[in-house]
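In: Dropping a prediction and its sequence here:
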Amino acid sequence: MEYVTEKIIRYVLSQNEFKTAKQIAANINVSESSVKHNIAEAKMILSKVGGKLLSVPGKGFILESSSSDIEILKDEVFKLINQSDSYVYRQNYILNILFMKKSNYTIQIFADDLGVSRNTILYDLESIEKWLDFYNIKLMRVRNFGLTVEGDEFDIREAIMDSNKQLMEFTSIDIDRPDNFDLRISKTFFNYFSKFYSDSNLYNLQNLLKKAEERLNTHFADASFIQLIEYLAILKRRVNEGNIIVKKNILSKYKSSYVEYSVAKDLIYTLFPITDKFLTMEIHCLAIQFTLYGCYDRASRGVYEEEYYIGLAVTLLKNIQNVAQIEMSLTDDMITNIANLFIKKQIRESYQPVPNKYLINDIKTNLSSIYGVVLANMRLMEDSFHFTVKDTDVAYIAMLIDNAKIEKKELVKTLFITSFDKNISVYLKNKIERNVHNISIIKIMEFEDYNVESFKDYDLVLTTVLMDNQTPIKISRRVDQVDLDRIQRAVNEKIQNRYRMTIYKQSLFDENLILVNHIFKKKEDAIKAGCALLEKFNYVTKDFYNVLIERENIVPTTIGKGIAMPHGFKKGVLKSGVAIIKLKNPLEWNEKDKVDLIFIFAINLDNRKEVMTLFQNFYRLVSEDGNLINIKNSTTSAELLEYIKNAE
């Protein structure tokens, strides 16, 4: 299967409406002719697994299947995609070989094994090398030997687990999970584990871990339970291969309790009953894993500088509260949850509070504005965290904030001036409040008593009496539906005016920093174009582009709703500014996200208030779908800027 064919199939599986060859090409970043050349192969492959790709002249292509059929089709297609013409498959295959001792593989051997060209392997190795850097592992080319990797054993295990996890979502579900397994082991994980850890007995590992739970007097959540099982499977495999943790690592500076150490020791010697290997560091690392995945309360709190991380959690939440202007119930439990996340991430960077990509993307889609604000604020504080912020961390905190949100009704304070008697006036007041959203009639005033000076205490003034003053909104004495509709429009306008971006500054948003209806094949090209504008008008230095790309390789800055917000602080920034790119066609930002609107933030941290206000306005901008529709429909830079200036 050609790579273009794979991308076509992935794309049509994600769509539920007709797409032309031109639209498919724009979304998968290939030429229209490439789509037309490969569409026949895509049809053939889909037909092999029971799918039918319909072609209708003038409308395009669509997959003929129900939603349930599509899920089955995905399973079948992923079986085919998990072959050598898939980069994810090749990456996993190459890493599995390289992590073996003395693998002695050359580029040509990899090419022969996978049935691809040397150039394909060379291109793959460039991406793999960048990916390994995150784990402090170096890819080495040794003359007369081949390719090898150098790094600490603990870091290598972290990389193995993350590499394998990328394939979990592509694992076909074709084996039934036996009933005697713990309910925390899902059918997906059972199939994934059976295929990638066939040298381990999943049932035995789950029972060992359940016994450990009893002795630790704890119960691991489902995500923690399966991550610990996977850790044990990798530990068993690596030790059997002679790869043992002996050097100090990030976990060395933390202490476990006596109970945790004892449980870890007994578990490891159950896995290796007869061994002459020195496993002291292995025992220590496993004990800390127990702390990491749920026994935090048993740990020595002083070691983890709990107060420091609680302070960070409170600061982060208050910043987000100020930016998003949302009321939250900041309970001790919520603050402790976030502080614990920070502690666990410092212990182990690959810790995943949100365990799967589907849930991360679901949170992005449904909480896009909150996700964006959390992402920006966590990046502002990253130096204090002592770990690299990833999308799983952002999604987790966005979820906690949404759970803690207190619905706050926006009320427009209103004065009601009438000439009716008290009872009729109260009846009309109640009628208005029943039928008009977000209004609160604070006071009923008789016409004879009113004075213009009293108007300033209210957002809105209604009257059933003809008055010379133009401030009150005149409604009929009947207060009929026409009047109610008029009042509702006035209330809506008052609320919208509260949230207009009144502090718009030419220094931050500039028509010169806006590109409209441009086409880019890769996200790197789009980011480079935005950075070029910022550099041209003296907002950033030429190094700023590399700062953004380095961050994108660690955690993509998509926030849902087709928006990406690459952002950089301090490094390479001369003064604060925002470049905006509205794309003609959606761009594939990563495997899961397509983007048609890009905000590139260059942030100078010298003015903290300016930074917070900027993100506050950005949150308001992306929270309202009407704003985004206007921006995405704009045809010129001037029009787009005008929409931002008047965003509701």
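Out: Nice, I can see it.

In: low pLDDT regions in the stretch 251-400 of the chain?
Out: 276, 294-306, 325, 355-356, 358 (pLDDT under 70).

In: Helices along that one, start to end?
Out: With DSSP state H, counting those that start in this stretch as the criterion, the stretch 251-400 of the chain has helices at 258-271, 280-292, 306-324, 332-347, 357-366, 368-380, 382-385, 391-404.

In: what's the answer for the stretch 501-648 of the chain, then?
Out: 523-536, 544-554, 608-623, 625-633, 637-645.

In: can you tell me how far L312 sits from K390?
Out: As judged by C-beta to C-beta, to the nearest Å, L312 and K390 stand 17 Å apart. Heads up, the C-betas are built off the backbone N, CA and C, glycines and all.

In: ditto for T120
Out: 28 Å.

In: same thing with L95?
Out: From L95 across to K390, the span is 19 Å (C-beta to C-beta).

In: ok, now D152?
Out: From D152 to K390 the distance is 20 Å (C-beta to C-beta).

In: and the two? which has more neighbours close in?
Out: K390 (21 against 17; other C-beta atoms under 10 Å).

In: Touching, that one and P556? I think so.
Out: No: judged on C-beta atoms under 8 Å, K390 makes no contact with P556 at a distance of 9.8 Å.

In: In this model N92 seems to touch D124, though I could be wrong.
Out: No: using C-beta under 8 Å, D124 is not in contact with N92, being 10.9 Å away.

In: where does the closest residue to K390 other than its chain neighbours land on pLDDT?
Out: Leaving aside its sequence neighbours, K390 sits nearest to V555 (C-beta to C-beta, 6 or more residues apart in numbering; 4.8 Å). Looking at V555, its pLDDT stands at 77.

In: likewise K247?
Out: For K247, the predicted pLDDT is 87.

In: My guess is it contacts D152. True?
Out: Yes: with contact defined as C-beta under 8 Å, K247 counts as touching D152 (5.6 Å).

In: So which other helices or strands are in contact with the biggest strand by length in the chain?
Out: Ranked by number of residues, the top strand in the chain under DSSP state E is strand 577-588. Applying 3 or more C-beta pairs under 8 Å, 6 or more residues apart in numbering; DSSP states H and E, one finds that strand 577-588 contacts helix 21-28, strand 509-518, helix 523-536, strand 594-603, helix 637-645.

In: repeat that for 6 Å
Out: Judged by 3 or more C-beta pairs under 6 Å, 6 or more residues apart in numbering; DSSP states H and E, the packing partners of strand 577-588 are strand 509-518, helix 523-536, strand 594-603.

In: Now the longest one: buried residues?
Out: When you say that, I think you mean helix 523-536. K523, A526, I527, A529, G530, C531, A532, L533, L534, E535 (16 or more other C-beta atoms under 10 Å).

In: What is the nearest of those residues to D333?
Out: Using C-beta to C-beta, K523 comes nearest to D333 of the buried residues of helix 523-536, at 38.3 Å.

In: quick one, phi/psi of S186?
Out: Phi and psi for S186, reported as degrees, to the nearest 10, are phi -80, psi 170.
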